[in-house]
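Trainee: Sequence isn't available, so here's the structure alone:
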């Protein structure tokens with residue numbers, strides 16, 4: 001009666017960590033500044049809290065692999081235990097075996113649909129002057145400035161030669177969204193600036209500054225534009241009151 005639900009839950013407890021790791025790695029490739037969702041990891045993979053011990057460790061080192069393996073194994077045991085409890089409660093009230101596979105299938109579909117509707121935001125495109133390198137700083141919540149422009153499905157932030165932008169729009173929420181960076185060329189075309197996690201990457205940073213009072217300034221977000229060599233020697237992110245720019 002309980003064997004199949006426990007097995008299905010145990011398999012789910014094995015697969016879910018690999019799905020979360022794959023999703024995060026793909027997300028970080030397309031958006032290197034993606035922070036991730038720790039709450040989701042803890043909810044779907046409770047034993048992932050053990051991974052806090054790996055701060056700064058290389059992924060393929062023996063201690064990293066060992067802790068990942070132990071964390072996944074503990075997660076399998078937790079899921080199997082939960083499966084047995086759920087199966088017992090289900091049988092107590094329904095007087096029939098728990099349809100564990102069907103429940104997990106429907107739950108997976110619901111999670112995917114829920115994430116698509118609530119966990120994803122509109123893509124953002126940054127349009128920079130041709131050849132621009134250096135810091136780009138965006139000031140948010142400034143009532144003296146225009147809201148972020150909307151073009152089709154994109155939210156578009158046009159960066160002037162100064163590299164400073166201000167907007168009355170709020171800071172981006174925690175939803176996952178695709179960020180594109182482009183140079184506006186003199187012939188009115190756009191040229192993509194590589195922002196993926198590879199050797200051609202030219203977008204770095206992703207620093208936030210949130211002040212305590214309006215007198216100090218509005219919240220600001222900055223990223224650095226340049227090659228790997230320029231990024232290694234980049235100056236600190238500048239911050240100023242931008243409503244006069």
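Mentor: Cool, the structure landed. The structure presented is a predicted model; accordingly, all values stated were derived computationally and were not measured. Numbers count the residues shown, from 1 in each chain.
Trainee: Under the pLDDT cut-off, which ranges of the protein? List them.
Mentor: For the chain, residues meeting the criterion pLDDT under 70 lie at 1, 31-37, 55-60, 115-119, 174, 211-216, 240-245.
Trainee: Regarding it, what is its longest helix?
Mentor: Assignment by DSSP state H gives helix 62-94 as the longest helix of the chain.
Trainee: hey, where'd the helices end up in this structure?
Mentor: 3-30, 38-44, 62-94, 100-114, 228-232.
Trainee: how about residue 167, what does it touch?
Mentor: Taking C-beta atoms under 8 Å, 6 or more residues apart in numbering as the contact definition, residue 167 lies against 138, 139, 140, 142, 145, 146, 147, 148, 157. All C-beta spots, glycine's among them, are computed from the backbone N, C-alpha and C.
Trainee: redo that, cut-off 10 Å
Mentor: By C-beta atoms under 10 Å, 6 or more residues apart in numbering, the residues touching residue 167 are 138-142, 145-149, 157, 218, 242.
Trainee: Find the pair from these with maximum spatial separation.
Mentor: Using C-beta to C-beta, the contacts of residue 167 span at most 18.6 Å, a distance reached by 149 and 218.
Trainee: More neighbours: these two, which one.
Mentor: Shown here are residue 149 and residue 218; by other C-beta atoms under 10 Å, residue 218 has more neighbours (22 against 14).
Trainee: Against residue 144, how distant is the more buried one?
Mentor: In this view, residue 218 and residue 144 are 10 Å apart by C-beta to C-beta, to the nearest Å.
Trainee: now do residue 80
Mentor: According to C-beta to C-beta, residue 80 and residue 144 sit 58 Å apart.
Trainee: Which residue of the two possesses the greater neighbour count?
Mentor: In this view residue 80 and residue 144 are compared by other C-beta under 10 Å, and residue 80 has more residues nearby, 20 against 11.
Trainee: Would you check that the more buried one makes contact with residue 100?
Mentor: No. Judged on C-beta atoms under 10 Å, residue 80 makes no contact with residue 100 at a distance of 11.2 Å.
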